[in-house]
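Participant: Here is a sequence with its predicted model. Questions after.
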Amino acid sequence: MSDINHPSIQKVSQALKNLELEVQIQIMPSSTRTSQDAAQAVHCEVGQIAKSLIFKAKQSQQPVLVIASGANMVDLKKVSALLGEKLGKADADFVKQKTGFTIGGIPPVGHLEPVTTFIDQDLLEYDYIWAAAGTPNAVFKLNSSELPRITQGKISEVRLEK
């Protein structure tokens, strides 16, 4: 379990302040690593969880962030088409090296370097969404309309059809 003074949480808090977004980071008593866990912890729909997934562009070797609704699986073919190159899975070391965060607590902001970002259009169906704040049990609530501004992400159709 982490506390509000954890370096990763402080990094996210500072990034949000720099983006002039006033939010309250909350530390949950148990893990919010999965979308289901997070939704239960904050008492919202699974679709309101903004899960940040890092992929690795196969040609350029650059990180790609997909912020997806917790209710959706990501269609890598759709994201690859948007990006213009194929995507692969990113291992834990790559994610930590490129973002500064560990899998399970990746926030939408505060990364070590700029990251190409795609935002699941389904997240904008909700007034408010919840995102990770740097550790597996830290989250923050924000207006979904702020997500494109704070991430410079492109709103896209990324959902895998069921």
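Facilitator: It's in.

Participant: same for the lowest-mean-pLDDT helix or strand in the chain, what does it pack against?
Facilitator: Least confident helix or strand of the chain, by mean pLDDT, DSSP states H and E, is helix 35-42 with a mean of 91. Secondary-structure packing of helix 35-42 (3 or more CB pairs under 8 Å, 6 or more residues apart in numbering; DSSP states H and E): strand 49-57, strand 128-132, strand 138-143. Quick note: C-beta positions are derived from backbone N, CA and C, even for glycine.

Participant: In JSON lines: these, plus mean pLDDT.
Facilitator: JSON lines is the format used below for the helices and strands packed on helix 35-42 (pLDDT from 0 to 100):
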{"stretch": "strand 49-57", "mean pLDDT": "97"}
{"stretch": "strand 128-132", "mean pLDDT": "97"}
{"stretch": "strand 138-143", "mean pLDDT": "96"}
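
Participant: isn't Leu112 right next to Thr99, touching?
Facilitator: Yes: assessed by CB atoms under 8 Å, Leu112 is found in contact with Thr99 at 6.0 Å.

Participant: Between these two, point out the one with more neighbours.
Facilitator: A side-by-side neighbour count of Leu112 and Thr99, using other CB atoms under 10 Å, places Thr99 first with 23 against 13.

Participant: Contact partners for the more buried one?
Facilitator: 54, 63, 106, 111-112, 115 (CB atoms under 8 Å, 6 or more residues apart in numbering).

Participant: which of those residues count as buried?
Facilitator: Among those, the ones that count as buried by 16 or more other CB atoms under 10 Å are 54, 63, 106, 111, 115.

Participant: sorry, back to before: a markdown table please, covering the contacts of Thr99 and showing distance to Pro148 and secondary structure.
Facilitator: Below are these laid out as a markdown table (distance: CB to CB, whole Å; DSSP: H, G, I helix; E, B strand; the rest coil):
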| residue | distance to Pro148 | secondary structure |
| --- | --- | --- |
| Ile54 | 18 | strand |
| Pro63 | 18 | strand |
| Ile106 | 18 | coil |
| His111 | 16 | coil |
| Leu112 | 21 | coil |
| Val115 | 14 | coil |
